[in-house]
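Participant: sequence? don't have it. structure:
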């Protein structure tokens, strides 16, 4: 045993790396499906969103960069999916990092796209039977999946009057209009930008923007990510249900890989008295438990496991749950490394060798 | 571009970065510098479109809010770096932001991180109908906060009663740090799993869930 | 003038703005807070980016001019920055086929480069830490004394408790407990997820709160030092 420990202590670190890579890969190939029991701080946030009424609004702040993609993007997707299905309006913003803007865009656009695609399912299926549309698909040598994706964006774009999406698919749009496809769609069932959701992207100013949104969103943000003026949107200007400031927002959820939950709590919770929840990387999660106990946070999603917990609650497995098998095996490997390392340390101490 | 080519580019760049694990090499360096370049380019895009156009251009040019020319000029002081003579001008916009920010933030930081936190530590027993376990947990919480503060309090020598309390404090701290450490391991591994899932699932389609 | 003016500005504004949250007059709320602080400083901040772009530009140009070491990579940095920056600035309407050449929209080249180049590279860069932590686990994490042992044991409990394995072990032990032994519920000892929650909720919360007090006091003290001109490092070295 001693000989093994001494030999293991001397091997090139790259073998340890390889071992790690194998241990993480095996459960992926085995498609290991693991069930998780959601933790209380995750259930708290889930329940909060579950109890919201249609037309309530949540604000998600994307405050992470691609470094922490694996932990926070699944959380973002799960939260957006949940809110969309509850008919809750969603706003998205990125304040801490410019590179979060693209991740927020992917998550929001992606989930809204999937939602609309599902709603438009039968409409799209019927389009394949239309001779003129079939001719168009054939002439472009377009795959069914690509066509479906384009339509799932083009039909909502018609109701949003989104000129840039329409202009890149001009020909197809004309055909759809000619076949009066749009009149067959009930636009109320779709999720439309400016009515059901909007995304602001990266807004420079950090705490200033947080504070500014507390008084007047239109004045602080002016335009959204797509260049639309907020004042032109129903969701920000309708006298009965407009979103003016935090008073019209049920909860701010900060998905963060840095200190931004502190700033959100300081300004939104302390100053404006509105609920704040957070989803953070596992590395920094432990620091936010005091705020959970003091109820300055109404929920906490902790790392990839937090995402897996939320995916379990909404019954939609995603990257979080898929990663749990590898996570388990890798943790066991790390614990084994710590034990082996310490056995070696004890052995060398006994034999009067160096401490290392 | 077709999705196969797209994911292949992403995957090849991923492998370029991973190649550093074997040893430093030109492929890694290429990817590293490309990353720096395009990420700064990305920032330029965001700041220009969502900062400059949205905060400066539209309000001044479209909404004729000419007062905003003043902060724009102050902002332009950042360009002072072009000459050593004007370098000091950079301090003006920094001073404005820092003076206002530091002054305005003090009371809210105090309230969020100290007053409310202190209140929730002291008032922890002020909830009627607490069971035995909740009372015990709250006692532990109060002891933990108090002893950990004692440990960090270096104005007294850690001897006698203070020494004992500081010792209890350090055990609490070690459990706290242990929790952070365990979670740190978890976080790092999650990031790796994310990349492997991308390579095996999205790129090679070796598995499907 | 070059040092005194900024210091005077910080002092005056720091003191005025300390009181702004406590004053309910329209002047404090509308002018000092909403207009000058939020709207103006937000605009001022937009230009700060110029400095970081210039510093990256200058560093690379110097490297290229001096043909310093791996100067060839400096071209990659500059090209990457200029091309992506320019694409974002070009008008949204510029498109070839169904690809937007200009702008930052979701179907733009700019977004494509972000999703398929920046994201995978940056995500991979940080994922490599998993390998380093594995190596460190073997070589550095030593239980040299009681405190370090406590730290490692806690870490191990949390590592098991945060993955599904923790629940599986508990379920297994629960089965053994109820089938073979009645009375004392000893299987509870193996409830790693439960213990992890207890660790996070009690000792972790307590110690992180104690640290938070210290850090926040430090933050406030630093703010005061900046306002009163005791902390001057932000002025930089030169006159």
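Facilitator: Noted; the coordinates are in hand. Every value quoted in this text rests on a predicted model; they were computed, and no experiment measured them.

Participant: Residue 32: what secondary structure?
Facilitator: All of this is about chain A. coil (DSSP: H, G, I helix; E, B strand; the rest coil).

Participant: Against chain B, how distant is residue A:23?
Facilitator: According to Cβ to the nearest Cβ, to the nearest Å, residue A:23 and chain B sit 10 Å apart. C-betas here are computed from N, CA, C, even on glycine.

Participant: got a pLDDT number for that residue?
Facilitator: The confidence metric pLDDT takes the value 96 at residue A:23.

Participant: wait, isn't it in contact with residue A:333?
Facilitator: Yes: under the criterion of Cβ atoms under 8 Å, residue A:23 makes contact with residue A:333 at 4.8 Å.

Participant: which residue ranges form the helices in chain C?
Facilitator: Assigned by DSSP state H, chain C shows helices spanning C:4-19, C:26, C:41-46, C:49-65, C:72-89, C:109-113, C:119-127, C:129-139, C:146-161, C:164-180, C:192-199, C:205-227.

Participant: so which of the ones you listed gets nearest residue B:204?
Facilitator: helix C:119-127 (14.2 Å; Cβ to Cβ).

Participant: list the helices and strands the closest one packs on?
Facilitator: Judged by 3 or more Cβ pairs under 8 Å, 6 or more residues apart in numbering or on different chains; DSSP states H and E, helix C:119-127 is in contact with helix A:69-85, helix B:3-18, helix B:26-46, helix B:160-197.

Participant: Mean pLDDT and mean neighbour count added to the helices of chain C, as a markdown table?
Facilitator: What follows is the helices of chain C, written out as a markdown table (pLDDT from 0 to 100; neighbours: other Cβ atoms under 10 Å in any protein chain shown):
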| stretch | mean pLDDT | mean neighbour count |
| --- | --- | --- |
| helix C:4-19 | 96 | 18 |
| helix C:26 | 93 | 8 |
| helix C:41-46 | 94 | 24 |
| helix C:49-65 | 89 | 15 |
| helix C:72-89 | 95 | 19 |
| helix C:109-113 | 95 | 23 |
| helix C:119-127 | 97 | 24 |
| helix C:129-139 | 91 | 20 |
| helix C:146-161 | 96 | 21 |
| helix C:164-180 | 82 | 16 |
| helix C:192-199 | 95 | 20 |
| helix C:205-227 | 95 | 20 |
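
Participant: among the ones you listed, which is nearest residue A:105?
Facilitator: helix C:109-113 (7.0 Å).

Participant: Give me the contacts around the closest one.
Facilitator: When contacts are defined by Cβ atoms under 8 Å, 6 or more residues apart in numbering or on different chains, helix C:109-113 is touched by residues A:102, A:105, B:1, B:6, B:38, B:42, B:45, C:84, C:87-88, C:99-101, C:103-105.

Participant: would you say residue A:62 is within a strand?
Facilitator: Yes: checked against three-state DSSP, residue A:62 lies within a strand.

Participant: Wait, it touches residue A:76, no?
Facilitator: Yes: with contact defined as Cβ under 8 Å, residue A:62 reaches residue A:76; the gap is 6.7 Å.

Participant: Overlap in contacts, those two.
Facilitator: Shared contacts of residue A:62 and residue A:76, counting by Cβ under 8 Å, 6+ apart, come down to A:103, A:104, A:107, A:255.

Participant: Tell me, how many residues neighbour the second one?
Facilitator: Neighbouring residues of residue A:104 were enumerated by other Cβ atoms under 10 Å in any protein chain shown; the total is 26.

Participant: Next: the last one.
Facilitator: The tally of other residues near residue A:255 (other Cβ under 10 Å) stands at 31.

Participant: just checking, what packs against the helix or strand it falls within?
Facilitator: Using DSSP states H and E, residue A:255 sits within strand A:251-256. When contacts are defined as 3+ Cβ pairs under 8 Å, 6+ apart, strand A:251-256 sits against helix A:40-50, strand A:57-63, helix A:69-85, helix A:260-264, strand A:276-280.

Participant: Kindly report the domain assignment for chain A.
Facilitator: For chain A, automatic domain parsing gives the domain ranges A:2-32+A:326-350, A:40-120+A:190-316.

Participant: which of those domains sits most buried?
Facilitator: Highest mean neighbour count among the domains of chain A (mean count of other Cβ atoms under 10 Å in any protein chain shown): domain A:40-120+A:190-316, with a mean of 22.

Participant: got a pLDDT number for residue C:182?
Facilitator: Reading off the model, residue C:182 has pLDDT 62.

Participant: List phi and psi for the residue nearest to residue C:202 when sequence neighbours are not counted.
Facilitator: Excluding the flanking residues, the one nearest residue C:202 by Cβ to Cβ, 6 or more residues apart in numbering or on different chains is residue B:140, at 5.1 Å. Dihedral pair for residue B:140: phi -60, psi -40, per degrees, to the nearest 10.

Participant: Residue B:140 and chain A, how far apart?
Facilitator: 12 Å.

Participant: confidence score at that residue?
Facilitator: Confidence score, pLDDT, at residue B:140: 95.

Participant: Check the gap between the nearest residue to residue B:45 once chain neighbours are set aside and residue A:226 for me.
Facilitator: Nearest residue to residue B:45, sequence neighbours excluded (Cβ to Cβ, 6+ apart): residue C:88, at 2.7 Å. Distance, residue C:88 to residue A:226, by Cβ to Cβ, to the nearest Å: 14 Å.

Participant: Check residue C:115 too.
Facilitator: 17 Å.

Participant: looking at chain B, which residue lies furthest from center?
Facilitator: Distance from the C-alpha centroid of chain B, by Cα atoms, centre = their mean, peaks at residue B:160 (39.9 Å).

Participant: Please, where are all the helices along the stretch 51-200 of chain A?
Facilitator: Taking DSSP state H, counting those that start in this stretch as the test, the helices found in the stretch 51-200 of chain A are A:69-85, A:100-119, A:121-127, A:131-140, A:144-160, A:163-168, A:170-178.

Participant: Throw these into a markdown table and include distance to chain C and mean pLDDT, thanks.
Facilitator: Output for those, formatted as a markdown table (distance: least, Cβ to the nearest Cβ, whole Å; pLDDT from 0 to 100):
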| stretch | distance to chain C | mean pLDDT |
| --- | --- | --- |
| helix A:69-85 | 5 | 97 |
| helix A:100-119 | 4 | 96 |
| helix A:121-127 | 18 | 91 |
| helix A:131-140 | 10 | 88 |
| helix A:144-160 | 8 | 93 |
| helix A:163-168 | 4 | 83 |
| helix A:170-178 | 9 | 91 |
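
Participant: Hmm, residue A:19 is touching residue A:333, no?
Facilitator: Yes: Residue A:19 lies in contact with residue A:333 (Cβ under 8 Å); the separation is 6.9 Å.

Participant: The residue nearest to residue B:45 reaches residue B:40, doesn't it?
Facilitator: No: the pair residue C:88 / residue B:40 is not scored as a contact, 11.5 Å apart, by Cβ under 8 Å.

Participant: tell me the phi and psi of the closest residue to residue B:111 other than its chain neighbours?
Facilitator: The shortest distance from residue B:111 to any non-neighbouring residue, by Cβ to Cβ, 6+ apart, is to residue A:270 (5.2 Å). Note on residue A:270: backbone dihedrals following degrees, to the nearest 10 are phi -70, psi -50.

Participant: can you check the one 5 residues further on too?
Facilitator: The phi and psi values for residue A:275, taken as degrees, to the nearest 10, are phi -70, psi 140.

Participant: so where's the chain uncertain?
Facilitator: Picked chain A for this. A:1, A:353-356 (pLDDT under 70).

Participant: right idea, wrong chain: chain B
Facilitator: B:1, B:209.

Participant: Nearest the middle, which residue of chain A would you pick?
Facilitator: Short answer for chain A (Cα atoms, centre = their mean): residue A:76, at 1.7 Å.

Participant: Is it correct that it is in contact with residue A:107?
Facilitator: Yes: using Cβ under 8 Å, residue A:76 is in contact with residue A:107, at 4.1 Å.
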